[in-house]
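Participant: Return a 3D structure for these sequence lines:
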Amino acid sequence: MTDARDLLVLDVFRNRFAAVAEEMGVTLMRTAYSPNIKERRDYSCAVFDAAGDMVAQAAHIPVHLGAMPLSVAAVLAEKTFAPGDMVMVNDPFRGGTHLPDITLVAPVFADGGRPVFYVANRAHHSDVGGMAAGSMPLSTSLFQEGMVIPPLTVVRGGELDRQLMDFFLANVRTPVEREGDFAAQIMANLTGAKRLSEMIVKFGRERTAQQAARLLDHAETLARAAIRDVPDGVYEAGDMLDDDGVGTADIAVRLRLTVRGDTMAFDFCASDPQAVGCVNATRAIAVSCVLYAVRCLVARGVPVNAGLSRPIQIVTRPGSVVDARFPAAVAGGNVETSQRLVDVIFLALSRALPGSVPAASQGTMNNVAMGGVDPRTGAAFAYYETLAGGMG
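Facilitator: The predicted structure is shown next:
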């Protein structure tokens, strides 16, 4: 009876943490300016513990949520938080995906000392500068794609750093829309911090943190149980990217999946070298794709948090198309190579679990980015969209 009661309490906390992330997302969506965030909902929100491990996420964008912990880790390695601070970052080589995806991290304090939790959200801004409207060009260098933002404290003690924001807005085509979307990201983090503070007041700091740690352990237990149902063995799969937009064709993505007991190792080292064009993925994207696939293996109701990654090893080769080196062009890696990576992972899993894994999808996000100047007003505009396609 005690075990059942403990599981019930754990499930209550699982839903409470997830609800925090969901409410953050609702706040971000309702207060955003751009159609890309308000209507297309290209954003993600999550809750992290004091060590930066993800405790809960909302049902948002998988490629964001798998990569965001790496951005949070980069922020915590470089920044010290005080109450009311928020740090922004979009650097693809600090856990980012591509430059339009900007992450905002905020601490949650309780009775002084160090933060007890962190909240973070990532949103795709329709333009962050660069050589083409929409910041998704046929580029050959990261510097052509827009502004690279290292971890920077954009809100300090509850006050926006106006100079920093003005500098950013001066380098984008749609500053009014960008400032509105930034304000929405700030409000989303304020919402998440408020709800977590309410949990801490209600349940106590130690108990809330303890239940967060238990959720990670619980997710690990369930993930290992799911992996044990996969037959031991080595399973290989591969696919090709048609080209990189600037002349390189047939770029291979290859996986060697090893299953032993309750662990999995995903080895992408045989993938082709990074491309000249912008289809390169960062390691954060490869991690996201693996965690998404593993999440699909486990049963519904499993907490989606850092515990799922504990039985998983991910091996990439720096300088490859799935782990590009700075300053590689990466604008398309997040939207094209990520899709092909997921297809390759599912193909390998299908050889371990025939009849249980879906067939490949269309393998692309079909991105459309455009922009220009309204001749009636002289105001710049930028628009970004993805077109739906078939699933296996």
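
Participant: In the beta-sheet assignment, what are the partners of Ile102?
Facilitator: Ala123 (DSSP bridges).

Participant: List the contacts of it.
Facilitator: 88-90, 122-123, 125, 128, 149, 182, 185 (Cβ atoms under 8 Å, 6 or more residues apart in numbering). To be clear about C-beta, it is placed using only N, CA and C from the backbone, and glycine gets the same treatment.

Participant: do that again at 6 Å, thanks
Facilitator: The contact partners of Ile102, taken as Cβ atoms under 6 Å, 6 or more residues apart in numbering, are 88, 90, 125.

Participant: try Asp343
Facilitator: Asp343 sits next to 239, 360, 363 when contact means Cβ under 6 Å, 6+ apart.

Participant: Among the contacts of Ile102, which are located in strands?
Facilitator: Met88 (DSSP state E).

Participant: If you tally nearby residues, what's the number for Ser288?
Facilitator: Ser288 has 27 neighbours, counted by other Cβ atoms under 10 Å.

Participant: surely it meets Leu65?
Facilitator: No. Ser288 is beyond contact range of Leu65, at 7.2 Å (criterion: Cβ atoms under 6 Å).

Participant: picking that back up, most neighbours among the contacts of Ile102, which one is it?
Facilitator: His125 leads the contacts of Ile102 on contacts (other Cβ under 10 Å) with 29 neighbours.

Participant: wait, what's in contact with it?
Facilitator: His125 neighbours (Cβ under 6 Å, 6+ apart): 100, 102, 178, 181.

Participant: Now with 10 Å, please.
Facilitator: Neighbour list for His125: 34, 36-37, 42, 90, 99-102, 134-135, 146-147, 168, 172, 174, 177-178, 181-182, 185, 382, 384 [criterion: Cβ atoms under 10 Å, 6 or more residues apart in numbering].

Participant: nearest residue to it other than its sequence neighbours?
Facilitator: Pro100 (5.1 Å; Cβ to Cβ, 6 or more residues apart in numbering).

Participant: same thing with Asn171?
Facilitator: Gly129 (4.5 Å).

Participant: which SS class is the one you found?
Facilitator: Secondary structure assignment for Gly129 (DSSP: H, G, I helix; E, B strand; the rest coil): coil.

Participant: these two touch, right, it and Met136?
Facilitator: No. At 11.8 Å, Gly129 and Met136 do not qualify as touching, with contact defined as Cβ atoms under 10 Å.

Participant: got any residues that touch both of those two?
Facilitator: Joint contacts of Gly129 and Met136 (Cβ under 10 Å, 6+ apart) are 99-100, 145-146.

Participant: Going along the chain, name the strands of the stretch 201-350 of the chain.
Facilitator: With strands called from DSSP state E, counting those that start in this stretch, the stretch 201-350 of the chain shows them at 233-243, 249-260, 263-267, 312-315.

Participant: Looking at Gly129 and Met136, which has the bigger crowd around it?
Facilitator: Per other Cβ under 10 Å, whichever of Gly129 and Met136 has more neighbours is Met136, with 27 against 21.

Participant: Please enumerate residues in contact with the helix or strand that contains Ala382?
Facilitator: Per DSSP states H and E: Ala382 is located in strand 380-386. The contact list for strand 380-386, computed with Cβ under 10 Å, 6+ apart, reads 34-36, 39-40, 42, 100, 124-128, 132-136, 172-178, 335, 364-374.

Participant: If we use 7 Å, what do you get?
Facilitator: For strand 380-386, the external contacting residues (Cβ atoms under 7 Å, 6 or more residues apart in numbering) are 36, 40, 126-127, 133-134, 173-174, 365-374.

Participant: hey, where'd the helices end up in the stretch 251-392 of the chain?
Facilitator: Counting by DSSP state H, counting those that start in this stretch, residue ranges of the helices within the stretch 251-392 of the chain are 283-297, 338-352.

Participant: Could you give the number of residues near Arg114?
Facilitator: Neighbours around Arg114, by other Cβ under 10 Å: 10.

Participant: so what's it closest to, chain neighbours aside?
Facilitator: Spatial nearest neighbour of Arg114, excluding adjacent residues (Cβ to Cβ, 6+ apart): Ala50 at 6.5 Å.

Participant: wait, isn't the one you found in contact with Val116?
Facilitator: Yes. Assessed by Cβ atoms under 7 Å, Ala50 is found in contact with Val116 at 5.7 Å.

Participant: Quick one, grab the pLDDT at the nearest residue to Gly392 once chain neighbours are set aside.
Facilitator: Once flanking residues are discounted, Gly392 sits nearest to Ala359: 2.7 Å by Cβ to Cβ, 6+ apart. Turning to Ala359, the model gives it a pLDDT of 82.
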